[in-house]
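>>> One predicted model, sequence on top.
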Amino acid sequence: MLLRSGQRFLLIGDSITDAGRFEDPEKVGFGYVRMFRDLCWSTYPDRKFEIVNRGVGGDTIRHLEMRWRRDVIAEKPDVLSVSIGVNDVWRQLQEPPNPEQVFLDEFEDAYRRLLMQTRNDVSCKLVLCEATVIGESREDAHNPIIDGYNACIARLAREFDALLVPMNRAFWRVIDADPERRWTTDGVHPMSNGHMLMALTLFQTLGGKV
């Protein structure tokens with residue numbers, strides 16, 4: 001179980017992680033990072049947890065690499081959660097082609113470099129989150145592409161002895177259970193129930209019991 005007192009958790013990613021952190025006086029945002037923190041605090045009130053949000057809207061793995069030393073290495077977390085991949089995939093089907101798209105081979109190479117750098121420079125537990133959905137339908141052309149990225153993330157989790165958080169599978173479980181219920185505002189950005197689903201999935205993967 002990683003939810004021990006004194007742990008410093010750093011969560012890095014794109015807009016789903018960001019969730020308004022720059023406008024939030026507490027700087028944790030209004031999404032799953034805040035909900036994860038509140039689950040930790042309310043479930044284990046006797047333990048001290050520090051939750052640091054380093055999400056930035058629009059980020060791909062390239063952007064993470066540009067800011068990794070400042071936003072991860074310098075912060076020296078005890079537990080590092082990485083959630084990335086949606087923008088890398090979403091930009092691949094835009095017209096005209098978006099130069100910020102990141103194909104799978106580049107994604108895997110860059111992600112591996114970041115994990116190697118972290119393993120060499122910081123003593124922390126790695127937690128890799130599956131990329132979530134694009135469109136709440138298995139018919140959306142992006143989702144088969146995301147499957148390949150999530151297979152890559154699973155490989156990296158095994159390679160680096162990281163925990164794998166089944167975020168994508170959690171979304172498909174609830175979508176398949178009730179296709180009429182919405183979990184995102186636009187097919188990508190979670191509504192409050194989607195953020196709660198992510199927070200709970202992360203919490204339980206780290207050993208939390210509710």
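Noted; the coordinates are in hand. Remember, it's a predicted structure, so these values are computed and weren't measured experimentally.
>>> Tell me how far Pro99 lies from Arg62.
Pro99 is 11 Å from Arg62, where distance means Cβ to Cβ, to the nearest Å. C-beta: built from backbone N, CA, C; applies to glycine.
>>> same question but for Asp78, I mixed them up
Counting by Cβ to Cβ, the gap from Asp78 to Arg62 is 26 Å.
>>> same thing with Lys27?
24 Å.
>>> same thing with Leu197?
Remark: distance between Leu197 and Arg62 (Cβ to Cβ) = 27 Å.
>>> Comparing the two, which residue is more hemmed in?
Neighbours were counted for Leu197 and for Arg62 using other Cβ atoms under 10 Å; Leu197 has more, 21 against 15.
>>> SS state for that one?
Judged by DSSP: H, G, I helix; E, B strand; the rest coil, the three-state class of Leu197 is helix.
>>> these two touch, right, it and Ala177?
No - using Cβ atoms under 8 Å, Leu197 is not in contact with Ala177, being 11.6 Å away.
>>> so where do the helices sit in the chain?
15-18, 32-43, 61-71, 86-90, 104-121, 142-159, 167-177, 192-205 (DSSP state H).
>>> For Asn53, find the nearest of those.
helix 32-43 (4.6 Å; Cβ to Cβ).
>>> May I see the helices of the chain arranged in a markdown table, with mean pLDDT as well?
Listed next are the helices of the chain as a markdown table, based on pLDDT from 0 to 100:
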| stretch | mean pLDDT |
| --- | --- |
| helix 15-18 | 98 |
| helix 32-43 | 97 |
| helix 61-71 | 98 |
| helix 86-90 | 95 |
| helix 104-121 | 98 |
| helix 142-159 | 97 |
| helix 167-177 | 98 |
| helix 192-205 | 98 |
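>>> Adding distance to Arg8, write these out as a markdown table.
Formatted as a markdown table, the helices of the chain follow (distance: least, Cβ to Cβ, whole Å):
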| stretch | distance to Arg8 |
| --- | --- |
| helix 15-18 | 16 |
| helix 32-43 | 12 |
| helix 61-71 | 14 |
| helix 86-90 | 26 |
| helix 104-121 | 14 |
| helix 142-159 | 21 |
| helix 167-177 | 22 |
| helix 192-205 | 15 |
